[in-house]
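> no sequence for this one, just the structure:
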């Protein structure tokens, strides 16, 4: 195996080929279970099959349950929208997932996250000069992804701002988006069509 210095960086979220591995099948080719799962998503708050639900359609029962978890986190949670969107952006950058980045980075700015913070994340840097709340979110999410837990100081900061339920919800949010980013990375699910948000580039080697 070549040493770290000579290894070429893998494009984040994709292998050497960008060909989508698991595109959505034609409805006529779907099983009855796939059609039922697709209809449940279409008739819910999402209104369409996109992003992680394209590859998840391969496993309709899992798609249904993962979809319900995502609905609870995004549409029934207690965290402020800005907090949620910033957390998703940190996860998307760390996993190099194009779909979630191109979807949620504009939503984060719209929700009040500084554009400079999004630019820093895109460049692979930790955002600086954040509000105390946004800094808490970044610390929590980055620590959780890198260390699989958080320090006492970071936990205390998060619970002081969002309460214990909010800290649990933030942890679950990170886990949920890690899972769907991984699924899309494996499936090579492309970013949303027509997005004006530039694609992520690989982290520096």
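Perfect, thanks for sending it. Since we're looking at a predicted model, the values are computed, not measured.

> Stretch 47-56: which residues count as buried?
Neighbour-count burial for stretch 47-56 flags 49, 51-56 (criterion: 16 or more other Cβ atoms under 10 Å). The way it works is simple: take the backbone N, C-alpha and C, and place the C-beta from them, glycine included.

> how long is that stretch end to end?
Its first and final residues considered, stretch 47-56 spans 16 Å by Cα to Cα, to the nearest Å.

> and for it, what are the contacting residues?
With contact meaning Cβ atoms under 8 Å, 6 or more residues apart in numbering, stretch 47-56 is reached by 21-24, 38, 41-42, 46, 57, 62-63, 66-67, 99-100, 103, 180-181, 183-184, 186-187, 189, 192.

> which ones among these are found in helices?
38, 41-42, 62-63, 66-67, 99-100, 103, 180-181, 183-184, 186-187 (DSSP state H).

> tell me the mean pLDDT over stretch 145-163?
Taken as a whole, stretch 145-163 has an average pLDDT of 98.

> Buried residues, it. List them.
For stretch 145-163, by 16+ other Cβ under 10 Å, it's 150, 154-155, 157-158, 161-162.

> ranges for the helices of the protein?
Counting by DSSP H, the chain has helices at residues 32-42, 53-56, 60-75, 81-95, 98-110, 115-122, 132-147, 152-187.

> could you give the angle of the first one to helix 60-75?
For the pair helix 32-42 and helix 60-75, the angle between their directions (axes from the mean of the first three to the mean of the last three Cα atoms, to 10 degrees) equals 10 degrees.

> burial of residue 75, as a residue count?
Using other Cβ atoms under 10 Å, residue 75 has 10 neighbouring residues.

> my read: it touches residue 45, true?
Yes: using Cβ atoms under 8 Å, residue 75 is in contact with residue 45, at 5.6 Å.

> from the buried residues of stretch 145-163, which is closest to residue 84?
Within those, the smallest distance to residue 84 is 10.7 Å, found for residue 162 (Cβ to Cβ).

> Provide a list of residues in contact with that closest one.
So residue 162 contacts 78-79, 83, 169-170 (Cβ under 8 Å, 6+ apart).

> By neighbours, which of those residues wins?
When neighbours are counted by other Cβ under 10 Å, residue 83 leads the contacts of residue 162 with 28 neighbours.

> give me every residue that touches that residue.
Contacts for residue 83 (Cβ under 8 Å, 6+ apart) come out as 133-134, 137, 162, 170.

> Ok, residue 198 next?
When contacts are counted by Cβ under 8 Å, 6+ apart, residue 198 touches residue 122.
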